[in-house]
Structures are given as C-alpha cells and as structure tokens.
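1. return a 3D structure for these sequence lines:
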Amino acid sequence: MIRHVALAAILAAPALSVAQDTGLPVGSAAPAAVVQTLDGKDVDLSTYIGKGPVILEFWATWCPNCRELEPHMLPIAKQYAGQVTWIVIAVSVNESVARVKKYAAEHAFPMPVFYDTHGDASGAYEAPATSYIVAIDKAGKVRYTGVGGDQDLMAVIKAVLP
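-> Sure, this is the predicted structure:
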C-alpha cells in the first residue's frame, strides 16, 4: 500500500516535455518486470527485451500528457509495426482494468496494453510520471527516456532502430 501511495505522488508530479535524467539511465540494461494482460494473466516484460527494439509508455486514461502523445503515437506504432514493439503499460493509480480495456478498444490501440497491477514495472523502470517513455534497443539497452506530451516520437524510434 505504501508503494502505491508513493507511486501516486510521483505520477501526479508535473511532467516535463523533453528527454531527461529521470527514470532509468540511458545505457542501462532494461529490467525484467511482471505486468498483467487485461484478462489478468502475468506477462514478464523481459520476454520482449533482446528480440528487437521495444518502446514502453507508462500511461493512464486520465493522463493529459498521454492523450497529447496519442495522436502521434498511434500512427507511428502502426508505421513501425514489425520493426519496433510498442507496449503501453497502464499504471494502477486511480485506474481500473475495465476502464483501460474500454479506452484501448475505443481508441483502437494497435499495440499490447498491459496493466501494472502491483507497480512492479513502474518501480523497475523508475517511472517518474505517466507519459514516461522508455526506448530499448535490440541488445536490451535503454537508449531514451522522457516524459511529457510533446516528446519527439520519431527521434525515439530513431534511437532504437539500427
């Protein structure tokens, strides 16, 4: 419970709009973390790491920065499908699986959407806020982290593609 309260305080902090020094250090190895499918099954994010570039977005239905990113994120995720795996991780702060499932369906998310039930991924990836993006290259190294609604998502893609 204390972890969720602390995470809520961190996620409510004002988000910056540029890549920054918060979150995982660039160059570090992407950690394993267990999240859940929207049907409640456990998934270890490490099953995606090292097989190709991966972009994670720590997200919430109530996040204005996430909504600002969405019209840019969805077409880029579709355009680079097969080259980059884009994963949305819904935080469990003031959020429900039912709300996430409904939102993702209504907005036709073309990528996997997972739920961070216990805050494992948020903790492992040192998520400072929602709209936090972590770009991981094919070797499993973090190449970009950033927070905010106006991140340059094409630059994020270029950070992980050869």
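2. hmm, residue 57 and residue 85 touching each other?
-> No - shown here, residue 85 and residue 57 do not form a contact pair, counting by C-beta atoms under 8 Å, at 11.9 Å. (C-beta placed from N, C-alpha, C; glycine too.)
3. settle it for me: which of the two has more neighbours?
-> Per other C-beta atoms under 10 Å, whichever of residue 85 and residue 57 has more neighbours is residue 57, with 26 against 20.
4. show me the contacts for the more buried one.
-> Taking C-beta atoms under 8 Å, 6 or more residues apart in numbering, we find residue 57 in contact with 66, 69, 73, 86-89, 131-133.
5. if we go to 6 Å?
-> 88, 133 (C-beta atoms under 6 Å, 6 or more residues apart in numbering).
6. quick one: it is in a strand?
-> Yes - counting by DSSP: H, G, I helix; E, B strand; the rest coil, residue 57 falls inside a strand.
7. would you map the helices across the protein?
-> Residue ranges of the helices in the chain, as given by DSSP state H, are 2-11, 64-79, 97-106, 120-124, 153-160.
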